[in-house]
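Colleague: Task: produce atomic coordinates for the following.
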Amino acid sequence: MIREAMFYEKHEDYLRCHLCPHSCKIKEGKSGKCLVRTNNKGILRTINYGKVTAAGLDPIEKKPLYNFHPGKNILSVGTFGCNFTCDFCQNYTIAHYERDGRFISPEDLALSCINADNNIGIAFTYNEPTIWYEYIYDTAKYLKKNYPDFKIVLVTNGFIKEGPLKELLPYIDAMNIDLKAFNNKYYKEICGGSLDPVLNTIKMASSKCHVEITSLLVNGLNDSKEEVSKIASFIGEIDKDIPLHLSRYFPRYKMDRPATNIDIMRDRQKTAKKYLNKVYLGNV
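Modeller: I've put the predicted structure just below:
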């Protein structure tokens, strides 16, 4: 299903998207960096509305969310496209290529949610959920109105503008936000984004919903004590009880560096615990 997108402005020969900080200038017949927002006859349209390419019932801890209804399941769904181009992307087949999927309406997705075993809600994950904005917004509003006990979760890179985030946050119960590094060079060269918008998302979201942070430590790039100290210190200044997940890198997609040393992972956990009360290791 194709529908008109939110958050854009029209110019004489192009459209300017204002969903994420890329602020893509999109000419007729072209798409933004996310692949899913397209200029069609002077109207910005989302080509992935309701198109589900991946779905599964997961333990909530897999998101990872260790301190949000532990022991429960959550219905995880994703589409295709992403506004980052991470060299180590583990879901690149759906993040960087248009994929066929099955259309599921917000109402039907809500029914799937309430019928799933031991399930607390819906997690939008696998690819970057914020570029699925309109579908998530509609689904979350419907679920909260009709089944208010069920939860909405985002597993996100946090690269979204303040306006759209502010409009969505009242319907979000929890977020796991990737903080991929604490320097702009890494974000620009490895991920195709920038740091400051992600920091702003963490600050905004942590005051409105449950937040946990994941940092993938890549061998020789962002796994130094200094880098982890900056990450943990920033989070700790917001709230020392925000959980941090330090995840071990393995070779993926375009990156073939050796897997991050486990001893380094354990040492960086000790470093992060100087600033935070809850620091977990993942992929070890």
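Colleague: Checking the closest residue to Arg3 other than its chain neighbours next. Helix, strand or coil?
Modeller: In space, Arg3 comes closest to Tyr49 once its chain neighbours are excluded; the distance is 4.8 Å by CB to CB, 6 or more residues apart in numbering. For glycine as for every other residue, the C-beta is placed from the backbone atoms N, C-alpha and C. Here Tyr49 is recorded as coil under DSSP: H, G, I helix; E, B strand; the rest coil.
Colleague: wait, doesn't Tyr49 sit right on Ile2?
Modeller: Yes. If you go by CB atoms under 8 Å, Tyr49 and Ile2 touch, sitting 6.6 Å apart.
Colleague: Out of those two, name the residue with the larger neighbour count.
Modeller: Taking neighbours as other CB atoms under 10 Å, Tyr49 and Ile2 compare with Tyr49 leading, 21 against 14.
Colleague: if I look at the more buried one, how far off is Tyr66?
Modeller: Distance of Tyr49 to Tyr66, given as CB to CB, to the nearest Å: 32 Å.
Colleague: and if you look at Glu162?
Modeller: 28 Å.
Colleague: Contacts for stretch 205-212 next, please.
Modeller: With contact meaning CB atoms under 8 Å, 6 or more residues apart in numbering, stretch 205-212 is reached by 63-68, 158, 165, 169-170, 172-177, 202, 238-239, 242-245.
Colleague: now, which of the residues you listed lie within helices?
Modeller: By the criterion of DSSP state H, membership of the contacts of stretch 205-212 in helices covers Leu165, Ile202, Ile238.
Colleague: which one of those is nearest Tyr8?
Modeller: Leu165 (16.0 Å; CB to CB).
Colleague: okay, the closest one: pLDDT?
Modeller: Predicted confidence (pLDDT) for Leu165: 98.
Colleague: I'd assumed Thr201 was in contact with it.
Modeller: Yes. Leu165 lies in contact with Thr201 (CB under 8 Å); the separation is 6.1 Å.
Colleague: what's the next secondary structure element after the worst-scoring helix or strand of the chain on mean pLDDT?
Modeller: Least confident helix or strand, the chain: helix 92-95 with a mean of 85, by mean pLDDT, DSSP states H and E. Scanning forward in sequence from helix 92-95 by DSSP states H and E, the next helix or strand is strand 102-103.
Colleague: Check which residues of whichever helix or strand comes after that following strand are buried.
Modeller: As assigned by DSSP H and E, the chain's next helix or strand after strand 102-103 is helix 106-115. Under the neighbour-count criterion of 16 or more other CB atoms under 10 Å, helix 106-115 has Pro106, Leu109, Ala110, Ser112, Cys113 buried.
Colleague: what's helix 106-115 in contact with?
Modeller: By CB under 8 Å, 6+ apart, helix 106-115 touches 50, 52, 75, 77, 104, 119, 121-122, 135, 138-139, 142-143, 146-147, 150.
Colleague: Could you rerun that using 10 Å?
Modeller: Contacts of helix 106-115 with the rest of the structure, by CB atoms under 10 Å, 6 or more residues apart in numbering, involve 49-50, 52, 55, 57, 74-75, 77, 104-105, 119-122, 135-147, 149-152.
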